[in-house]
Each structure stands twice: as structure tokens, then as C-alpha cells.
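Enquirer: Sharing a model that was predicted from the sequence below.
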Amino acid sequence: MPPSILRIATRKSALALWQAEHVAARLRAVHPGLHVELVPMTTRGDEIADRPLATIGGKGLFLKELEVAMLEGRADLAVHSLKDVPAELEPGFVLPAMLPRADAADAFVSNDHATLDALPEGARVGTSSLRRQSQLRAARPDLELLDLRGNVNTRLAKLDAGDYEAIVLACAGLERLGLAERIRQRLAAPEWLPAPGQAAIAIEARADQPAVLALLAALDDPDTRVTVGAERAMNHALGGSCTVPVAAWCVLTERSLHLRGLVGDAASGRLVRAEASGPVDQPEMLGRAVADALLVQGASQMLG
Ligand SMILES: NCc1[nH]cc(CCC(=O)O)c1CC(=O)O
């Protein structure tokens with residue numbers, strides 16, 4: 001007998017709840033009669049909102065409590081932003097579905113300035129992401145880069161309060177929250193690269209629950225899985241988590257994958273870039289190849 005109910009563990013931020021509701025709606029659509037409920041909870045990553053993630057050992061910070069809920073049988077699956085999911089999952093967990101990816105670009109958000117180039121000399125820009133800081137520093141060495149954490153609405157409120165002239169967020173998060181009008185400029189590939197897996201929603205579940213996995217697999221988008229697979233393999237080969245300044249963007253053309261990677265140094269604004277193409281059925285190999293090309297150019301010193 002397949003399960004008649006699925007309980008989704010989710011964080012309580014507006015974005016996390018939107019994503020969990022989205023998955024719930026998709027599950028109800030593909031499995032008529034299935035009951036789907038949300039189980040909202042707080043994670044350590046939500047509690048520690050005053051320090052950059054890089055300084056508190058960011059790996060899996062947003063996942064732990066959700067995984068415990070699944071192990072204790074209080075939830076059947078968890079919904080995550082894939083970019084917050086570490087390259088290596090905890091043993092016993094899998095990602096049975098990745099949903100079709102939204103706009104993976106970053107967003108330049110400002111009330112007074114239309115583009116990054118139009119910012120006045122020395123302007124204050126808020127982002128705690130080393131990946132975003134290094135790309136900002138490379139484009140505009142004069143800017144004052146300041147830490148900015150918290151959920152999307154908190155960050156926008158700090159911008160509106162005048163703490164910064166501009167901030168950088170993910171386009172996907174703003175769009176999901178109905179805040180697309182806040183995007184002044186898309187910071188997009190090939191010049192500007194997103195986090196590995198950005199804009200993809202992943203479903204996590206226990207590897208030992210085959211009936212649950214079968215229901216969830218109906219939501220998997222194979223094109224998203226291979227492209228983010230290459231990005232995440234590159235990140236993994238670089239020892240990656242959200243604490244290192246690594247960016248990646250993979251596109252699927254005709255019948256091949258093209259992966260661009262970047263490692264940056266937030267202090268100097270030095271960026272190391274590499275790119276390569278490979279067969280669609282070998283995303284991990286492509287990810288490792290681009291990681292090797294980055295390391296050959298000296299990226300290892302920038303990874304700490
Ligand atoms: N770091 C938090 C986070 N995790 C995922 C997104 C955006 C949505 C996505 O990438 O799927 C955001 C907000 C942001 O970076 O602006």
C-alpha cells in the first residue's frame with residue numbers, strides 16, 4: 001500500500017514556506033487523493049541570524065532539524081533550496097526529486113540606483129555571501145561591502161532603512177515571494193555566476209522509504225538534475241559548502257552540458273574562472289574537470 005499522507009518538514013521563513021507549499025501543491029496535482037501537510041520548524045541556521053554563515057560552519061545548518069524530524073517519523077520529506085544543501089548529504093538521506101529550476105541569476109536591489117555600475121564611489125553594499133562579495137569586489141573595487149544576513153524580507157527591510165545603498169539577493173527568491181519588482185538589475189552569467197544549485201528546489205527523504213521515494217520521484221526534472229549535478233560536483237571537488245566563494249552555472253544545450261565555474265577572493269577581488277563541455281550523462285565528470293581547471297590556475301589558495 002502506498003502512503004496516503006505525506007508530511008513535509010520545512011523551515012518557517014516566508015521563502016521556505018512558499019517552497020514547501022509549492023511542493024505540496026505539485027504532489028497533490030500528480031497524486032490525486034494524497035493528503036499532504038506541512039510540518040514547520042526552526043533550524044539552527046534560522047536562530048543564528050547575526051553572524052555570517054561562513055563563521056559558524058555553514059554546512060547543513062538549515063537541514064539538521066528537518067532530518068531529525070524524518071528520522072523520528074514526524075515527517076516524510078523535507079523541502080530545501082538546493083543551494084543550501086551541502087554537497088554531501090547525511091548518510092541515509094537522498095534527493096529523490098529536483099524541481100524545474102527558476103531564474104538562477106542574482107538580483108541587484110537598490111532604491112536609488114538602477115545598476116551596479118551606477119552606484120556612487122564607495123557605496124555600501126550588503127551581502128554576507130563570499131561568492132557575491134568577491135564578484136562585487138572584482139566589478140567595483142571601490143565599494144564598501146558589509147555583512148547582511150536574515151531572511152529575504154529582513155534583508156530588504158535593512159536596505160529600506162538606509163543601512164545600504166544596495167544589496168544582492170537571488171532573483172528566484174524575490175520572484176517566489178511576489179517581490180520581482182524589487183529586482184533593478186539581473187546579475188547573470190556568463191559575467192556573474194550564481195551559487196551551485198541556485199534557484200532549484202530539492203526534496204530530501206530517507207533512503208529506506210521506497211514507497212515515499214516512488215511518490216516523490218514523480219516531481220523530478222531530469223534536466224535540472226543533470227545541470228545542478230555538474231555544479232554540485234564541481235563544488236564538492238573544491239571542498240565546497242556555502243562558506244567558500246565558489247560559483248557555478250551549467251546549461252544543457254542540444255545534447256551536451258556546458259559548465260562555467262568561478263572561485264573568488266572577497267578581499268582582493270581576484271576571480272579565477274574555468275569552463276568546459278561534456279556529455280549529458282557525465283555531469284560529475286564535467287564538474288570535476290572544471291574544478292581541476294580552477295585548481296590548476298591557483299584557486300586552492302583562495303579556498304582557505
Ligand atoms: N541563502 C538563502 C537562500 N537560499 C535560497 C535562496 C533563494 C532561492 C533559491 O536559490 O532557490 C536564498 C535567498 C537569497 O540568496 O537571496
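Expert: Right, received. Where do you want to start?

Enquirer: going forward, measure contacts and count neighbours with C-alpha atoms only.
Expert: OK.

Enquirer: So which bits of stretch 144-154 are buried?
Expert: Within stretch 144-154, the residues that count as buried by 16 or more other C-alpha atoms under 10 Å are E144, L145, L148, R149, G150, V152.

Enquirer: ditto for stretch 14-24
Expert: By 16+ other C-alpha under 10 Å, the buried positions in stretch 14-24 come out as L15, A16, L17, W18, Q19, A20, E21, V23, A24.

Enquirer: Return the closest of these with respect to the ligand.
Expert: L15 (7.5 Å; C-alpha to the nearest ligand atom).

Enquirer: how close does the closest one sit to A105?
Expert: 17 Å (C-alpha to C-alpha, to the nearest Å).

Enquirer: what two of the buried residues of stretch 14-24 have the greatest distance between them?
Expert: Greatest spacing in the buried residues of stretch 14-24, by C-alpha to C-alpha: L15 and A24 (14.2 Å).

Enquirer: if we can go back for a sec, in TSV, list the buried residues of stretch 14-24 along with secondary structure.
Expert: Formatted as TSV, the buried residues of stretch 14-24 follow (DSSP: H, G, I helix; E, B strand; the rest coil):
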residue	secondary structure
L15	helix
A16	helix
L17	helix
W18	helix
Q19	helix
A20	helix
E21	helix
V23	helix
A24	helix
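
Enquirer: Where does pLDDT dip in the protein?
Expert: 45, 47-60, 241-243 (pLDDT under 70).

Enquirer: ok, which stretches of it are helices?
Expert: In the chain, the helices defined using DSSP state H lie at 14-30, 44-47, 64-71, 130-139, 152-160, 171-176, 210-217, 222-237, 283-296.

Enquirer: Of these, which is nearest V246?
Expert: helix 130-139 (5.7 Å).

Enquirer: and that closest one with the ligand, contact?
Expert: No: Helix 130-139 does not reach the ligand (C-alpha under 6 Å from any ligand atom); its nearest approach is 9.7 Å.

Enquirer: residue closest to the middle of this protein?
Expert: The residue lying closest to the centre of the chain (C-alpha atoms, centre = their mean) is K83, at 2.2 Å.

Enquirer: check contacts around that one.
Expert: A195, P196, G197, Q198, A199, A200, C242 (C-alpha atoms under 8 Å, 6 or more residues apart in numbering).

Enquirer: residue contacts, the fourth one?
Expert: The neighbourhood of Q198, defined by C-alpha under 8 Å, 6+ apart, consists of S81, L82, K83, A104, A170.

Enquirer: which one of those residues is nearest the ligand?
Expert: Nearest to the ligand, judged by C-alpha to the nearest ligand atom, of the contacts of Q198 is A170 at 3.8 Å.

Enquirer: shouldn't the closest one be in contact with V109?
Expert: No: counting by C-alpha atoms under 8 Å, A170 stays clear of V109, with 9.8 Å between them.

Enquirer: How is this structure divided into domains?
Expert: 5-99+200-220, 106-187, 231-298 (the TED database).

Enquirer: Pick the most deeply packed of those domains.
Expert: Of all these, domain 231-298 has the most neighbours on average by mean count of other C-alpha atoms under 10 Å, namely a mean of 21.

Enquirer: Give me the distance from that one to the chain's centre.
Expert: Put simply, domain 231-298 sits 15 Å off its chain's centre (C-alpha atoms, centre = their mean, to the nearest Å).

Enquirer: Could you do stretch 90-107 as well?
Expert: Stretch 90-107 sits 8 Å away from the centroid of its parent chain (C-alpha atoms, centre = their mean).

Enquirer: what does stretch 77-91 give?
Expert: Put simply, stretch 77-91 sits 10 Å off its chain's centre (C-alpha atoms, centre = their mean).

Enquirer: now for the helices of the chain, which one comes closest to A266?
Expert: Ranking these by proximity to A266 (C-alpha to C-alpha) places helix 130-139 first, at 3.8 Å.

Enquirer: helices and strands around that closest one, which ones?
Expert: strand 256-264, strand 271-279 (3 or more C-alpha pairs under 8 Å, 6 or more residues apart in numbering; DSSP states H and E).

Enquirer: Dump the ones you listed to JSON lines, plus distance to the ligand.
Expert: Output for the helices and strands packed on helix 130-139, formatted as JSON lines (distance: least, C-alpha to the nearest ligand atom, whole Å):
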{"stretch": "strand 256-264", "distance to the ligand": "17"}
{"stretch": "strand 271-279", "distance to the ligand": "20"}
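
Enquirer: P141 reaches R270, doesn't it?
Expert: No: counting by C-alpha under 8 Å, P141 stays clear of R270, with 10.2 Å between them.

Enquirer: Residues in contact with stretch 106-115: which ones?
Expert: Applying C-alpha under 8 Å, 6+ apart, the external contacts of stretch 106-115 come out as 116, 119, 159-160, 165-171, 182-188, 193-194.
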